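Engineer: sequence first, predicted coordinates after that:
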Amino acid sequence: MDATGSINTDCVETIENEDEGFDDTEELVADSCSTKVLDSADEPRDRYCIVYILFYLFGITSLVPWNFLITANDYWMYKFRDVTPSNLTMFVRKTQFQAEFTSYLNVATAIPNLIFLILNSFYGHLVSVKSRLQGSLIVVTLSFLVTTSLVQVNTDDWQNTFFIVTLVSVVIMTAASAVFIGSLVGIASRFSKEYMAAVVSGQSLGGIIAAIAQIISLAFKISPLHSALIYFCIADIMVISSLASYVLLYRIDFFTYHILRGCGGMAVNRHREVSMIAVLKKIWVYAFSIFAVFAISMSVYPAVTVLVESHPITSGTDWNNIFFVPVVNYLIFNCGDYSGRLVAGFLLRPDNEWVLAAASVLRAIGIPMLMLCNAQPRKHLPVVFLWDYEYIIIMIIFAFTNGYLTNIVMINSTRVVDLHEREKASSVIATMLSVGLTVGAAVGMLLVRLL
């Protein structure tokens, strides 16, 4: 390895790959890994934390479609506004599309995410990790370009068709993102806990970036169409950057060392059979916990929370009309979630799996509390928490616990299994997370109608 940390490729050999969990080992070695990496007794170091930083970037990119699509609420409200001659203004009573689009968007992301995470778990070994990650990023880029191209198209006369086209493109990019996330988590599980934490924290940081991009656009009073174009383009740039960065990883000894040896363990671990039943017996409580965390969160966020309005006393102000939803619903939530993940990376408490499961279920108290905030329109439930500060406090606690518990589950679930079982355990946790997203999204559609 030279001073830059790149691989010397003058002496390359291939090894036989016998474990489907390491399906791309032969390709990896043949393409980029020297015998120095395979035979060296000293573990390479992550010079300048390059791999750690790239894992952070991949974590951000893994949820780019979700973060940027769901944050573009102002754009969707404009696209689905009432365009009848007597209602050609933007700030009128929400149409059915405006009130329910977020719920449909949740379902359009949750269901394909679940299906393709499961498919990736069972059949991902048929395609190399490198091909899965690069291919999925290409599909996400192409799908997002379709969404981006529709920003400047006048869709007022064909809102129904635009609605369908949007959801179809969302389904495609979500399916590709699921493959990317499943493969990424599997790779991260082969490294120390800091790298899994980087991926998980990066996912939350992506939401903060999306929210800040939207708020800046609103602050400069850029139209909903131009602001959406700006942060959709940002999303495209991030995905393309991740694609180029992943290629770079295969020139770094630290990365290839862990891919080949599985976190520095003996090579024989690659050839041990992984029993799904054995893994489930060890992590099923963690799997339930991650399911509970995301089912509870997704049942109200963002389907219900995006409908919450500022106190009537602020009516007519920029805070009420422009900044309230982007700041509170997206920026504050994502900051709280990110803070929770950072804190969990240091504490890793509770370490008892049953206490963790109980804490995950206890978060359900946040559902009625958020529904009793000033979400509009509503027909059935009263508004109990009318003031902005009440809603913000509830949102911060709800978001912090979401991030905190998520990070603990993601890290601890891979530490209770053997080295060769980590990738399978990560796949199970990612799948159960997706199940929680799907169930929560379905419940969210019901809760919107119960307001």
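Structural biologist: Structure received.

Engineer: excluding sequence neighbours, find me the nearest residue to residue 314.
Structural biologist: residue 320 (4.2 Å; C-beta to C-beta, 6 or more residues apart in numbering). All C-beta spots, glycine's among them, are computed from the backbone N, C-alpha and C.

Engineer: residue 450 contacts residue 381, doesn't it?
Structural biologist: Yes - counting by C-beta atoms under 8 Å, residue 450 touches residue 381, with 6.9 Å between them.

Engineer: which neighbours do the two share?
Structural biologist: Common contacts of residue 450 and residue 381, defined by C-beta atoms under 8 Å, 6 or more residues apart in numbering, comprise residue 371.

Engineer: what residues of stretch 186-196 count as buried?
Structural biologist: 186, 187, 188, 189, 190, 191, 193, 195, 196 (16 or more other C-beta atoms under 10 Å).

Engineer: how many other residues sit next to the residue nearest to residue 314?
Structural biologist: Other residues near residue 320 number 18, with proximity taken as other C-beta atoms under 10 Å.

Engineer: what sits against it?
Structural biologist: Counted by C-beta under 8 Å, 6+ apart, residue 320 has contacts 309, 310, 314.

Engineer: now render those as TSV, adding secondary structure.
Structural biologist: Formatted as TSV, the contacts of residue 320 follow (DSSP: H, G, I helix; E, B strand; the rest coil):
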residue	secondary structure
309	coil
310	coil
314	helix
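
Engineer: whichever of those residues end up buried, select them in PyMOL.
Structural biologist: Remark: buried members of those, expressed as a PyMOL selection using 16+ other C-beta under 10 Å:
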select buried, resi 309+310
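
Engineer: can you add pLDDT and distance to residue 345 and give the contacts of residue 320 back as CSV?
Structural biologist: Below are the contacts of residue 320 laid out as CSV (pLDDT from 0 to 100; distance: C-beta to C-beta, whole Å):
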residue, pLDDT, distance to residue 345
309, 91, 35
310, 93, 34
314, 87, 37
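
Engineer: out of the contacts of residue 320, the closest to residue 77 would be?
Structural biologist: residue 309 (12.4 Å; C-beta to C-beta).

Engineer: tell me the contacts of the closest one?
Structural biologist: Listed by C-beta under 8 Å, 6+ apart, the contact set of residue 309 reads 320, 324, 374, 375, 376.

Engineer: hmm, try it at 10 Å
Structural biologist: Residue 309 is in contact with 315, 320-321, 324-325, 373-377, 383, 386, 388, 391, counting by C-beta atoms under 10 Å, 6 or more residues apart in numbering.

Engineer: so which of the residues you listed wins on neighbours?
Structural biologist: Result: residue 391 is most packed of these (other C-beta under 10 Å), 26 neighbours.

Engineer: distance check, it against residue 241.
Structural biologist: 35 Å (C-beta to C-beta, to the nearest Å).

Engineer: what of residue 291?
Structural biologist: Remark: distance between residue 291 and residue 241 (C-beta to C-beta) = 32 Å.

Engineer: neighbour count winner among these two?
Structural biologist: A count of neighbours by other C-beta under 10 Å puts residue 291 above the other of residue 291 and residue 241, at 24 against 15.

Engineer: can you tell me the helix or strand for the residue nearest to the more buried one when sequence neighbours are not counted?
Structural biologist: Leaving aside its sequence neighbours, residue 291 sits nearest to residue 436 (C-beta to C-beta, 6+ apart; 4.2 Å). Per DSSP states H and E, residue 436 falls inside helix 422-450.

Engineer: averaged pLDDT, stretch 189-206. What do you get?
Structural biologist: For stretch 189-206, mean pLDDT rounds to 87.
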